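**Q** next comes the sequence, and after it the predicted model I'd like to discuss.
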Amino acid sequence: MSGIVGVSPNMKSGVVGITPKGHVIQVVHERFEVSATAINVNSTTPTDGWGASMSVNITPKQLNSKIHISFQGMNSHTHSYAGNKGICLFIYHDVAGGGFTNVTTGRLLSGYYENGSSNGEWSEHVQSLWYLHSPSYTVGQEIKYRVFYSTHSDNSAATYLTHSKFNNDSNHELDAIGIAMEISA
């Protein structure tokens with residue numbers, strides 16, 4: 001239509017408006033190189049053992065946006081010589097330095113659990129997490145998203161979030177990625 005400029009045909013030129021509902025406003029992504037040293041967790045309390053090195057930060061451009069957050073390619077690994085094994089995965093967020101909290105208020109987003117044996121077994125699972133989050137923030141505040149993880153409640157195995165080699169094959173090392181996408185609400 002002649003004379004109409006904007007992010008949608010309904011927005012006229014010169015009018016500052018809100019991006020139409022459901023449109024992507026911005027995308028931020030990070031690639032995480034998996035260290036050769038995996039970090040073991042032996043606690044049912046979620047931790048961010050990788051800390052800031054496995055974090056995606058986004059500063060929303062509009063108020064009330066939803067954030068689609070995803071983390072992919074984490075090669076979780078457990079090994080046990082007697083007992084059960086498993087890992088629980090969560091996405092936590094921090095708004096403007098206020099402290100990390102679980103985006104699902106305590107529920108886990110992914111993980112696995114297996115019954116162990118006395119033979120000594122290990123397992124590796126490539127993990128993917130995603131969540132559509134409606135955070136509370138004001139425009140200009142940075143939101144940090146991180147993967148937190150813990151062992152299963154009766155886990156007796158050594159548990160790692162990111163094991164550097166898939167099936168012990170140095171030719172197939174995995175790097176994880178994190179993506180935060182701001183979507184207009």
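**A** Yep, that arrived.

**Q** confirm Thr104 sits in a helix?
**A** No. Thr104: not assigned to a helix; according to DSSP: H, G, I helix; E, B strand; the rest coil it is coil.

**Q** which strand in this protein has the most residues?
**A** In the chain, with assignment by DSSP state E, the single longest strand is strand 66-80.

**Q** give me the neighbour count for Val27.
**A** 12 (other CB atoms under 10 Å). (Glycine included, C-beta is placed from N, CA and C.)

**Q** give the contact list for it.
**A** Contacts for Val27 (CB atoms under 8 Å, 6 or more residues apart in numbering) come out as 179-182.

**Q** buried stuff in the strand or helix carrying it?
**A** Following DSSP states H and E, one finds Val27 within strand 24-33. Neighbour-count burial for strand 24-33, with 16 or more other CB atoms under 10 Å as criterion, is recorded at 25, 28, 30, 32.

**Q** ok, so of those residues, who is nearest Val103?
**A** Comparing the buried residues of strand 24-33 against Val103 with CB to CB picks out Val28 as the nearest, at 16.1 Å.

**Q** let me see the contact set for that closest one.
**A** Counting by CB under 8 Å, 6+ apart, Val28 makes contact with 56-58, 179-181.
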